[in-house]
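Asker: Quick one, structure for this:
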Amino acid sequence: MSKAKISLFGPTIRTDRWLNLYTNISRNNRIELEFIFCGNIKPNFKLPKNFFFIYSEVKPSQCAQIALNETNCDLVALIADDIVYSDNFFDNLYNSYV
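Answerer: Modelled structure (predicted):
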């Protein structure tokens, strides 16, 4: 079972942006998170331990549903691979949830 408090999921094809997104979110939040992306372009690098990729050739909305189905947390957030989040965004989201 995951220790994550929030599952971040979404459809994605921009693998070149994943590590920057991961760094932006991980460094600016204290809460445990898991990342689940689904798409038709496989990353050519090792993913962090809390980052999961599901290969599928379906359309983006279907990829989002596939990723959502694999989440392990009660609190989930649909994210994109081309966004920069403000500091403590997910910490604040979780605190408003509990």
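Asker: which residues touch the residue nearest the centre of the chain?
Answerer: Geometric centre of the chain, nearest residue: residue 35, 2.9 Å, by CA atoms, centre = their mean. By CB atoms under 8 Å, 6 or more residues apart in numbering, the contact set of residue 35 is 8-9, 22, 25, 48, 50-52. Where you see a C-beta, it was placed from the backbone N, CA and C, and this is true even at glycine.
Asker: Could you list everything it pairs with in the sheet?
Answerer: Bridge pairing for residue 35 (DSSP bridges) gives the partners residue 8, residue 51.
Asker: That one and residue 62: what is the separation?
Answerer: Residue 35 is 19 Å from residue 62, where distance means CB to CB, to the nearest Å.
Asker: which residues in the protein form helices?
Answerer: Assigned by DSSP state H, the chain shows helices spanning 18-27, 60-69, 89-97.
Asker: can I get these in CSV with mean neighbour count, distance to residue 83 and mean pLDDT?
Answerer: As requested, the helices of the chain are exported to CSV (neighbours: other CB atoms under 10 Å; distance: least, CB to CB, whole Å; pLDDT from 0 to 100):
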stretch, mean neighbour count, distance to residue 83, mean pLDDT
helix 18-27, 16, 7, 95
helix 60-69, 16, 15, 98
helix 89-97, 15, 10, 96
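Asker: can you tell me which of these comes nearest to residue 4?
Answerer: helix 89-97 (10.4 Å; CB to CB).
Asker: list the helices and strands that closest one packs on?
Answerer: Judged by 3 or more CB pairs under 8 Å, 6 or more residues apart in numbering; DSSP states H and E, helix 89-97 is in contact with strand 6-11, strand 75-78.
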